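1. Sequence first, predicted coordinates after that:
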Amino acid sequence: MATAARSALQQLSLQAKPVGQTLTPNSAILRFAGSANLTVDQVNRKRSELLTTFGLNVISVRPEPGVVAIAIARPKRRLVTIEQVWDRWSPQATEAANQDVVIGLKEDDNSLLTFSPGNLHAPHTLIAGSTGSGKSVLMQSILLGLAVTNSPEQARIILIDPKQGVDYFAFDALPHLDGGVVDTQDAAVERLEWLVAEMERRYRLFREHRANGVGTYNAKVSPAHRLATYWVIHDEFADWMLTDEYKAAVTSTVGRLGVKARAAGIHLIFAAQRPEANVMPMQLRSQLGNRLILRVDSGRHFRDRTRRAGR
Ligand SMILES: Nc1ncnc2c1ncn2[C@@H]1O[C@H](COP(=O)(O)OP(=O)(O)OP(=O)(O)O)[C@@H](O)[C@H]1O
Ligand SMILES: [Mg+2]
């Protein structure tokens, strides 16, 4: 593909001096020395010709220091297995356990795509994508990632699944699971309200121990007194949001958890097909700051702070 791209650029009167290449699951990223005869704009202007005349589907053209990086779609996307991702992953273990979530490989440079609800990024996450786009599979891989990098004492997972656990029957036996798969609205509300109380309890403990969060607290106390991180994984939450009572209860508990939850070691990961205003009030949406957007029918819900997640 590198040779084909080089010859295509030359035939289009662009300079093409290769300086490197990287293969990602979706594309080959070819790097060429930038010059007056090879700029990002020039390549962008030739995109349709590159496709129609040379069969090269340019996904992106990005500037790098001294370099124009052109990503060209591979004829067939490569499937990345969870093992391949985990093999390259060495999450930082701290007293507060692993709080990094790995979700795949980055299109830009093939490095691991991870996010850290515990510190770097927002404490709570929204996963969105139309039906069949891979929300539940992504949630399962997040679940497994948390389970392999934390002991059951370090990470407690509250799994809420309106689809009665069909996607998660295999997870019933996971020792990290706090109270089995939750599949009724009443039980879900009860668990969320319990979490708010637990958060308040933790803040009292932090005050007593002069700690500013679960990390410093766990570093101060003996291993037996360390606090677990709570992960609430809520699949298809929009389905239940059509029930007014549930909507009110979830919006209110999530609002109370809000920004205080991070220090308390409580993280929410909610998935929905179409997080529209009627199922997802603004207040709730703004709490779920990390956005993992799979394939969607309309981009209009995600203009703000969108991060694209590859499958
Ligand atoms: N990361 C992936 N790698 C490979 N195949 C995948 C991946 N994600 C999803 N799939 C395939 O797509 C199918 C649908 O995925 P999934 O059930 O996660 O979609 P969903 O977004 O949860 O859909 P729904 O909204 O209907 O629940 C899976 O059964 C699997 O075959
Ligand atoms: Mg699903």
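-> Done, it's in. Residues are numbered from 1 along each chain as shown. Ligands and ions are numbered 1, 2, ... in the order given.
2. Which helix runs longest in this structure?
-> The longest helix of the chain (DSSP state H) is helix 185-208.
3. Beyond that one, next helix or strand please.
-> helix 214-220 (DSSP states H and E).
4. tally of neighbours for the residue in the stretch 1-150 of the chain positioned nearest to ligand 1?
-> Nearest residue of the stretch 1-150 of the chain to ligand 1: G134, at 2.9 Å (C-beta to the nearest ligand atom). Glycine gets a C-beta too; all of them are placed from N, C-alpha and C. By other C-beta atoms under 10 Å, 17 other residues sit near G134.
5. for G118, same thing?
-> Using other C-beta under 10 Å, G118 has 23 other residues around it.
6. Provide a complete list of residue ranges assigned to helices in the stretch 51-200 of the chain.
-> 82-87, 135-149, 185-208 (DSSP state H, counting those that start in this stretch).
7. What are the buried residues along the first one?
-> I take that to be helix 82-87. 85-86 (16 or more other C-beta atoms under 10 Å).
8. which residues of the stretch 1-150 of the chain score low on pLDDT?
-> Residues of the stretch 1-150 of the chain meeting the criterion pLDDT under 70: 93-96.
9. Give me every residue in it lying close to ligand 2.
-> Residues of the stretch 1-150 of the chain that fall close to ligand 2, judged by C-beta under 5 Å from the ion: 135-136.
10. ranges for the strands of the stretch 1-150 of the chain?
-> 18-23, 27-33, 58-64, 67-73, 101-105, 112-115, 125-128 (DSSP state E, counting those that start in this stretch).
11. Would you point to the one among the ones you listed that's packed deepest?
-> Between the strands of the stretch 1-150 of the chain, strand 125-128 has the highest mean count of neighbours, a mean of 25, where neighbours are mean count of other C-beta atoms under 10 Å.
12. Given that strand, what are its sheet partners and their directions?
-> Paired neighbours of strand 125-128 in the sheet (DSSP bridges): strand 266-272 (parallel), strand 290-293 (parallel).
13. The longest helix of the chain to strand 266-272, inter-axis angle?
-> 150 degrees (axes from the mean of the first three to the mean of the last three C-alpha atoms, to 10 degrees).
14. helices or strands next to helix 185-208 in the packing?
-> With contacts defined as 3 or more C-beta pairs under 8 Å, 6 or more residues apart in numbering; DSSP states H and E, the packing partners of helix 185-208 are strand 155-160, helix 214-220, strand 229-234, helix 244-257, helix 260-264, strand 266-272.
15. Need the contact partners of it.
-> When contacts are defined by C-beta atoms under 8 Å, 6 or more residues apart in numbering, helix 185-208 is touched by residues 158, 160, 178-179, 182, 211-214, 216-217, 227, 230, 232, 234, 240, 243, 245-246, 249-250, 253-254, 256-257, 260-261, 263-266.
16. Now G213: closest residue in space that isn't a chain neighbour?
-> Closest residue to G213 apart from its sequence neighbours, by C-beta to C-beta, 6 or more residues apart in numbering: A263 at 3.6 Å.
17. The one you found: neighbour count?
-> 20.
18. any idea how far it is from L120?
-> In this view, A263 and L120 are 14 Å apart by C-beta to C-beta, to the nearest Å.
19. Report the contact partners of the closest residue to T131 other than its chain neighbours.
-> Once flanking residues are discounted, T131 sits nearest to Q273: 5.9 Å by C-beta to C-beta, 6+ apart. By C-beta under 8 Å, 6+ apart, Q273 lies in contact with 128-131, 135, 236, 238.
20. One more: L105?
-> So L105 contacts 24-25, 80, 85, 111-113, 310 (C-beta under 8 Å, 6+ apart).
21. Nearest to V61 among the residues you listed?
-> T24 (14.9 Å; C-beta to C-beta).
22. So which bits of the stretch 1-150 of the chain are right by ligand 1?
-> Residues of the stretch 1-150 of the chain found near ligand 1 (C-beta under 6 Å from any ligand atom) are 129, 131-137.
23. Buried only: go through the residues you listed for me.
-> Neighbour counting by 16+ other C-beta under 10 Å classes 129, 133-136 among these as buried.
24. Output these in CSV; the columns should cover distance to N278.
-> CSV is the format used below for these (distance: C-beta to C-beta, whole Å):
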residue, distance to N278
G129, 18
S133, 21
G134, 24
K135, 19
S136, 22
